[in-house]
Each structure stands twice: as structure tokens, then as C-alpha cells.
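Engineer: Dropping a prediction and its sequence here:
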Amino acid sequence: MKLLMQPKCYTDVCLHGKWFHHDHGDTSAYMLGSRLVFDLGMMPTTDEELEACLEPIAQQQQDHDH
């Protein structure tokens, strides 16, 4: 699904048990409940792109917890 590129639009998504917050039109996301901010390397324009950017980050954070 296409992300709305309007002020105050955002997506919260859970991957591998970790919640991430992404403000549409930005190239970063942060993990909810922490101060960790991650550079996505691009500005996602769809849910699929956002999840693809966050997948390796979520996997790394899950591995870090174990």
C-alpha cells in the first residue's frame, strides 16, 4: 500500500516482535520503547518498501536480544 506523504502521517510496524515508528517522507525509523534510530538508506513510499528496509534491522535487533 502506498504511504501518504503528508505532514503528521506515520506508520508503526511490528517485525520480529520489535515495534518501529516511521514518519512518512523521512529516511529513518526508530524502535518504539528505545532511543535507537535507524537510517533506512532510502525514503520508502510503500508499506512493502518500509518493511523491506526494516526487516534486516529487526532481525539484527532480535539476534542482539538472544
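Structural biologist: Happy to help now that I have it. As the structure is a computational prediction, the values presented were derived from the model and not from experiment. Numbering: from 1, shown residues only.

Engineer: Low-confidence stretches in the chain?
Structural biologist: Confidence mapping of the chain against pLDDT under 70 gives the ranges 66.

Engineer: mind listing the helices for it?
Structural biologist: Secondary structure of the chain (DSSP state H): helices at 47-65.

Engineer: ok, the nearest residue to Tyr10 once chain neighbours are set aside to Asp12 distance?
Structural biologist: Closest residue in space to Tyr10, ignoring its immediate chain neighbours: Asp23 at 4.8 Å, by C-beta to C-beta, 6 or more residues apart in numbering. Any C-beta I mention is one placed from the backbone N, CA and C, and that applies to glycine too. Between Asp23 and Asp12 the computed distance is 11 Å (C-beta to C-beta, to the nearest Å).

Engineer: before we move on, what about Gln6?
Structural biologist: 16 Å.

Engineer: Could you check which of Asp23 and Asp12 has the larger neighbour count?
Structural biologist: Asp23 (15 against 10; other C-beta atoms under 10 Å).

Engineer: what about that one, distance to Gln62?
Structural biologist: 23 Å.

Engineer: do the same with Glu55
Structural biologist: Plainly put, Glu55 is 11 Å away from Gln62 if you go by C-beta to C-beta.

Engineer: and if you look at Gln6?
Structural biologist: Counting by C-beta to C-beta, the gap from Gln6 to Gln62 is 32 Å.

Engineer: the more surrounded of these two?
Structural biologist: Neighbours were counted for Gln6 and for Gln62 using other C-beta under 10 Å; Gln62 has more, 13 against 8.

Engineer: got a list of what the more buried one touches?
Structural biologist: Applying C-beta atoms under 8 Å, 6 or more residues apart in numbering, we find Gln62 in contact with His16, Gly17, Lys18.

Engineer: Filter those down to the buried ones.
Structural biologist: Lys18 (16 or more other C-beta atoms under 10 Å).
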